[in-house]
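Participant: Task: produce atomic coordinates for the following.
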Amino acid sequence: MTRIHLRLVPPEDLQQLAQSLMPPSVAEHTLPSALPPDFVARRALQHLADGKPPQWCSTYYMVRNSDGVIVGSCGFKDAPAGRRVEIGYGVAPEARRQGVATAAVRALLAIGAASGEVDQILAQVNPDNIASNGVVRHCGFTALDIRCDDDGEQLMQWLATVGG
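Facilitator: Below is the predicted model:
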């Protein structure tokens, strides 16, 4: 059973989110901590301004099917490069351990596969985040190795193959 569906965040909402503001269009239907952080919205706006496709560069609301409430956000971090694209996701604390992240990651995998533009999807997860590592493992990702990001945070790299 699908618990959520994804809805592309409109540019006017991204503008609000980039300023750490609650978009009025979703204010009454959003769990606390469900929206993407301001830096994600700013990155999306920059990619969109550069002419990159919204499918890859915006972000998606995770909308709970039972009541239409936004319970998290997810998306691709940039347009595909070398037929590989990276994903990110976050779920409001109140909606965790309910299969929401797994449903969102599966939806992103399906979008990637249907696009015909990617063969691999990358997820980078803090090794201490047991739940998130479990989500990507459950969704068919394979652990590669641990790398340090630009901020010095160690992240486990996970890779899934999609499409052909």
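
Participant: For this structure, just list every one of the strands.
Facilitator: Using DSSP state E, the strands of the chain run over residues 4-8, 60-64, 70-76, 84-91, 120-125, 142-148, 154-161.

Participant: Give me whichever of those is most buried.
Facilitator: Ranked by mean neighbour count, these are led by strand 70-76 with a mean of 25 (mean count of other C-beta atoms under 10 Å). For glycine as for every other residue, the C-beta is placed from the backbone atoms N, C-alpha and C.

Participant: Run through who's touching that strand.
Facilitator: If you take C-beta atoms under 8 Å, 6 or more residues apart in numbering as the criterion, strand 70-76 is touched by 4, 6, 9, 26, 29-31, 34-36, 40, 44, 55-64, 85-92, 94-95, 100-101, 104-105, 107-108, 111-112.

Participant: Quick check: nearest residue in space to Thr102, chain neighbours excluded?
Facilitator: Leaving aside its sequence neighbours, Thr102 sits nearest to Val135 (C-beta to C-beta, 6 or more residues apart in numbering; 5.3 Å).
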